[in-house]
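Q: Dropping a prediction and its sequence here:
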Amino acid sequence: MRVKRERYRVDLLELQSACEANYVRLMQLLPDMRDQPDVRRIAMSQGDRLLGVLVLQVVENCPYTSTLRITQEHCLPWLPAPRMEVRVYHDARMAEVISAENARRFRGIYPYPNAHMHQPNEKNQLNLFLGEWLGHCLACGYELEPVL
């Protein structure tokens, strides 16, 4: 007997709150991103072991938005280095993932299965991951180079 699953529905409130929280975290890490676009390197460690270096780079500044490239350097050898682009909406005080690895422009819902094997809630998962990544950086990170 085949069980029919209920179709996934976007939880817009959850997505918006994740994007709002990501904006707050990014503004703590890059408070002057609009005035002094720069690159910031933050080392993340656990005890005395370096887990990687988070690199935040402002790629583009427009009147109401900024685009950031977020990557990780010096990862553990068995862990693929995450990289993504994030659009920061200053007027709405939100930040959302617009690109991750080689994928761009994520849909709110994907049929499953699909050719690229995206999860039905891929967009939401990426924004939640960004929040966890930035939260860990704020909790355990320290600046390698001063912001100029």
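A: Looks like it arrived, so ask away. Numbers count the residues shown, from 1 in each chain.
Q: what about residue 47, distance to residue 140?
A: 10 Å (Cβ to Cβ, to the nearest Å). Just so you know, the C-beta spots here come from the backbone N, C-alpha and C atoms, and that holds for glycine as well.
Q: Name the residue in those two with the higher neighbour count.
A: residue 140 (14 against 7; other Cβ atoms under 10 Å).
Q: is it true that the more buried one touches residue 45?
A: Yes: counting by Cβ atoms under 8 Å, residue 140 does reach residue 45; the two are 6.4 Å apart.
Q: for the longest strand anywhere in the chain, packing partners?
A: Ranked by residue count under DSSP state E, the longest strand found in the chain is strand 49-61. On a contact count with 3 or more Cβ pairs under 8 Å, 6 or more residues apart in numbering; DSSP states H and E, strand 49-61 meets strand 39-46, strand 65-73.
Q: tell me the angle it makes with strand 65-73.
A: If you take axes from the mean of the first three to the mean of the last three Cα atoms, to 10 degrees, strand 49-61 sits at 150 degrees to strand 65-73.
Q: Could you pull up the residues touching the residue nearest the centre of the chain?
A: Nearest to the mean C-alpha position of the chain, by Cα atoms, centre = their mean, lies residue 130 at 3.2 Å. Residue 130 sits next to 18, 22, 70, 84, 86, 95, 97 when contact means Cβ atoms under 8 Å, 6 or more residues apart in numbering.
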